[in-house]
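Peer 1: need the 3D shape of this:
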Amino acid sequence: MEIHKQIKQERTLVLVKPDGVKRGLIGEVVQRIERRGLKVVALKMVQVGREHLENHFPKSEEWVERLGSKTLKTFNEYQIDPVAAQGTADPKELGKMVKESLFQYLQSGPVVAMVIEGIHAIDMVRKLAGNTLPVFAEMGTIRGDYSVDSPSVANIERRAIHNIMHASETKEEAANEINLWFKKDEIHDYKRAEEDIMF
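Peer 2: Numbering: from 1, shown residues only. Sure thing, here's the model as predicted:
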């Protein structure tokens with residue numbers, strides 16, 4: 001019975017990023033999540049500080065280098081010279097630049113943070129969000145319907161990709177992020193009216 005409860009009450013963190021907030025897409029994100037049968041159990045708007053972001057993102061050198069390697073891959077795919085565009089082809093240096101651009105992006109305006117609960121909430125929200133690279137997101141997903149941003153353009157402009165929202169990728173990531181963004185007394189327990197009918 002405990003496993004059954006865990007599946008039905010899985011939780012994930014969702015952030016509507018500054019571009020989503022500034023474009024008035026908070027309601028759209030919430031509506032799509034709720035229409036799916038998932039429920040919002042915590043919600044707040046915050047201006048994020050640097051220290052908070054340092055705790056949100058992985059701290060490892062490997063993660064930073066992976067960011068840089070992804071950037072190099074994008075440059076290669078679109079035949080862009082990384083040295084001409086960014087001043088370096090070193091994955092670690094590029095990764096540091098990408099990390100800094102992510103921090104600037106997430107501090108450029110308020111962020112709406114929420115905890116979402118429901119059956120397979122992590123996978124369901126990521127499906128609703130679409131590919132993290134909006135240019136490759138399917139129509140019908142949030143990113144596919146509301147963004148066309150591309151890594152090649154973002155890299156040339158030395159900024160983060162504007163992709164509207166963040167959604168936790170794994171159970172471990174969701175648990176860590178929820179604990180970082182919310183106190184226990186900010187997360188609520190309630191039953192949606194249609195829960196017994198839907199599942």
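Peer 1: ok, then the element right after the helix or strand bottoming out on mean pLDDT in the chain?
Peer 2: Least confident helix or strand of the chain, by mean pLDDT, DSSP states H and E, is helix 2-8 with a mean of 73. Downstream of helix 2-8, the first helix or strand assigned by DSSP states H and E is strand 10-16.
Peer 1: touching the next helix or strand after that next one from outside, list them.
Peer 2: Using DSSP H and E, the next helix or strand after strand 10-16 towards the C-terminus is helix 18-22. Contact partners of helix 18-22, identified using Cβ atoms under 8 Å, 6 or more residues apart in numbering, comprise 26, 29, 45, 105-106, 108-112, 146-147, 162-165. C-betas here are computed from N, CA, C, even on glycine.
Peer 1: please indicate which of those residues are buried?
Peer 2: The neighbour count (16 or more other Cβ atoms under 10 Å) marks 26, 29, 105-106, 108, 110-112, 146-147, 162-165 as buried among the contacts of helix 18-22.
Peer 1: give me the subset of those that lies in helices.
Peer 2: Mapping the buried ones among the contacts of helix 18-22 onto helices (DSSP state H) picks out Ile26, Val29, Tyr105, Leu106, Tyr146.
Peer 1: dump the residue contacts of the most centrally placed residue in the chain.
Peer 2: Note on the chain: the residue nearest the mean C-alpha position is His166, at 1.2 Å, using Cα atoms, centre = their mean. Neighbouring residues of His166 by Cβ under 8 Å, 6+ apart: Leu13, Val14, Leu15, Lys17.
Peer 1: ok, of these, which one's closest to Ala154?
Peer 2: Lys17 (13.3 Å; Cβ to Cβ).
Peer 1: what about that closest one, how many neighbours?
Peer 2: By other Cβ atoms under 10 Å, the residues close to Lys17 number 24.
Peer 1: what's the answer for the one 5 residues further on, then?
Peer 2: Summarising burial for Lys22: neighbours were counted as other Cβ under 10 Å, giving 13.
Peer 1: surely Val40 is in contact with Gln31?
Peer 2: No. Between Val40 and Gln31 there is no contact under Cβ atoms under 8 Å: 10.6 Å.
Peer 1: of the two, which one has the most company?
Peer 2: Neighbour totals were compared for Val40 and Gln31, and Val40 leads with 16 against 11 (other Cβ under 10 Å).
Peer 1: now that one: which helix or strand?
Peer 2: Secondary structure assigned from DSSP H and E places Val40 in strand 39-46.
Peer 1: who does that strand touch, helix- and strand-wise?
Peer 2: In this structure, strand 39-46 packs against helix 26-35, strand 111-118, with contacts taken as 3 or more Cβ pairs under 8 Å, 6 or more residues apart in numbering; DSSP states H and E.
Peer 1: what residues does the shortest one touch?
Peer 2: Contacting residues not belonging to strand 111-118 are listed as 8-18, 20-21, 26, 29-30, 33, 36-48, 124-125, 178, 181-182, 187 [Cβ under 8 Å, 6+ apart].
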